[in-house]
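[1] need coordinates for the following:
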Amino acid sequence: MRAICESCGNDCIAKVVDNGIGSYEYWGSWGTDVRLAVESNCCDADCIDEKGNIITVDDVEEYEAAEKDYYMG
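    So this is what the prediction gives:
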């Protein structure tokens, strides 16, 4: 999958990052906040594809699964 940094316009690597706050406590209840997002490796900005669409976490996971199937048989 070709990824383009929305900030600088250069080709980049789309990485999935967790922008959540992690574990927390709220009125005696414990939880974990996970907010997955796709960011470029150069500017930490959104990544877009050749058509100008923002690349989502689902897009990256589908691409990685297809690559794994292709190479692993």
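[2] where does the prediction get shaky in the protein?
    In the predicted model of the chain, residues 73 satisfy pLDDT under 70.
[3] show me the strands in it, by range?
    For the chain, applying DSSP state E gives strands covering 3-5, 11-12, 14-18, 22-26, 29-33, 36-40, 47-48.
[4] in CSV: these, plus distance to Thr56 and mean neighbour count.
    Backbone N, C-alpha and C define where each C-beta goes, glycine included. Output for these, formatted as CSV (distance: least, CB to CB, whole Å; neighbours: other CB atoms under 10 Å):
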stretch, distance to Thr56, mean neighbour count
strand 3-5, 12, 21
strand 11-12, 16, 16
strand 14-18, 10, 15
strand 22-26, 22, 9
strand 29-33, 19, 9
strand 36-40, 6, 19
strand 47-48, 9, 24
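[5] including distance to Glu64, could the ones you listed go into a markdown table?
    Output for the strands of the chain, formatted as a markdown table (distance: least, CB to CB, whole Å):
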| stretch | distance to Glu64 |
| --- | --- |
| strand 3-5 | 13 |
| strand 11-12 | 16 |
| strand 14-18 | 9 |
| strand 22-26 | 24 |
| strand 29-33 | 23 |
| strand 36-40 | 12 |
| strand 47-48 | 14 |
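[6] ok, which of those comes nearest Ala65?
    Nearest to Ala65 among the strands of the chain is strand 14-18; the distance by CB to CB comes to 13.2 Å.
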